[in-house]
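Peer 1: Got a sequence here, can you model it:
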Amino acid sequence: MQTMQIAAYVSSLVLVASAARFPRVTSYVFARFSLDVLRLALASVAGASPWLFLLDGVLLMAGPAMLASALGLPSMPFAAFGLGAATIGARLVAGEQWHKLDALYGAALFTVHIAIVASAAASRDWRRRVDLSSVVLIVLAGSGIAGAIVAITWPERWDAVNAGNVLSRALLCVLCLFADNVEKAKK
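Peer 2: So this is what the prediction gives:
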């Protein structure tokens, strides 16, 4: 396991701790962290069954659906899109077209994160109830967009994707802690 991947896992846990008073952020980040750990465990399983890759794809694409749900958006369209991408990924593996897998998931993650941000921005109901949790979650969606662009552009540079995740989570930790301190100072 790479150092930047470990740092990304640690930054997720630090964000969970620093966003403790924001339950939507905490639950999303911890669930996303749990999915990443499951994917790491799945990657250590020997064999290249299309079923394992289908499960890996479902775990990967479940994150955006959880993000949409945390934002108060309907999650079913994003879950259906993710399941479709995972199914196509499993078919690529079955056809031994491994080289297309990273591009498929990169494009799917880019598309679904753009759709989440656009859906939130277009939703009058979401705009009316926007709060700091919503801002943090939208920034996480933006981080997903940036990570997908890096993964598509430089598929061999996952350390750069993880570095971006660490940086965005560190900034969000500061934002959450600052907001918490402002709230305490007002009282």
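
Peer 1: burial count for Ser143?
Peer 2: 19 (other CB atoms under 10 Å). For every residue, glycine as well, the C-beta is placed using N, CA and C.

Peer 1: and the residue most central in space within the chain, which of the three is it?
Peer 2: In the chain, the centroid-proximal residue (CA atoms, centre = their mean) is Gly63; its distance is 5.0 Å. Following DSSP: H, G, I helix; E, B strand; the rest coil, Gly63 is assigned to helix.

Peer 1: distance of it from Val14?
Peer 2: Separation of Gly63 from Val14 (CB to CB, to the nearest Å) stands at 18 Å.

Peer 1: Next: Arg32.
Peer 2: If you go by CB to CB, the gap between Arg32 and Val14 works out to 14 Å.

Peer 1: Name the residue in those two with the higher neighbour count.
Peer 2: Arg32 (21 against 16).

Peer 1: And the more buried one, how close does it get to His99?
Peer 2: Arg32 is 27 Å from His99, by CB to CB.

Peer 1: tell me which strands and helices the lengthiest helix in the chain is in contact with?
Peer 2: Longest helix in the chain by number of residues (criterion: DSSP state H): helix 158-186. Counting contacts by 3 or more CB pairs under 8 Å, 6 or more residues apart in numbering; DSSP states H and E, helix 158-186 packs against helix 3-18, helix 132-153.

Peer 1: Can you tell me which of those is most buried?
Peer 2: Most buried of these by mean neighbour count (mean count of other CB atoms under 10 Å) is helix 132-153; its value is a mean of 19.

Peer 1: Now do it against helix 158-186: the angle between them, please.
Peer 2: Interaxial angle, helix 132-153 versus helix 158-186 (axes from the mean of the first three to the mean of the last three CA atoms, to 10 degrees): 170 degrees.

Peer 1: For helix 132-153, which outside residues touch it?
Peer 2: 19, 22-25, 28-29, 63-64, 67, 70-72, 102-103, 105-107, 109-110, 113-114, 116-117, 120, 126, 157-158, 160-161, 164-165, 168-169, 171-172, 175-176, 179 (CB atoms under 8 Å, 6 or more residues apart in numbering).
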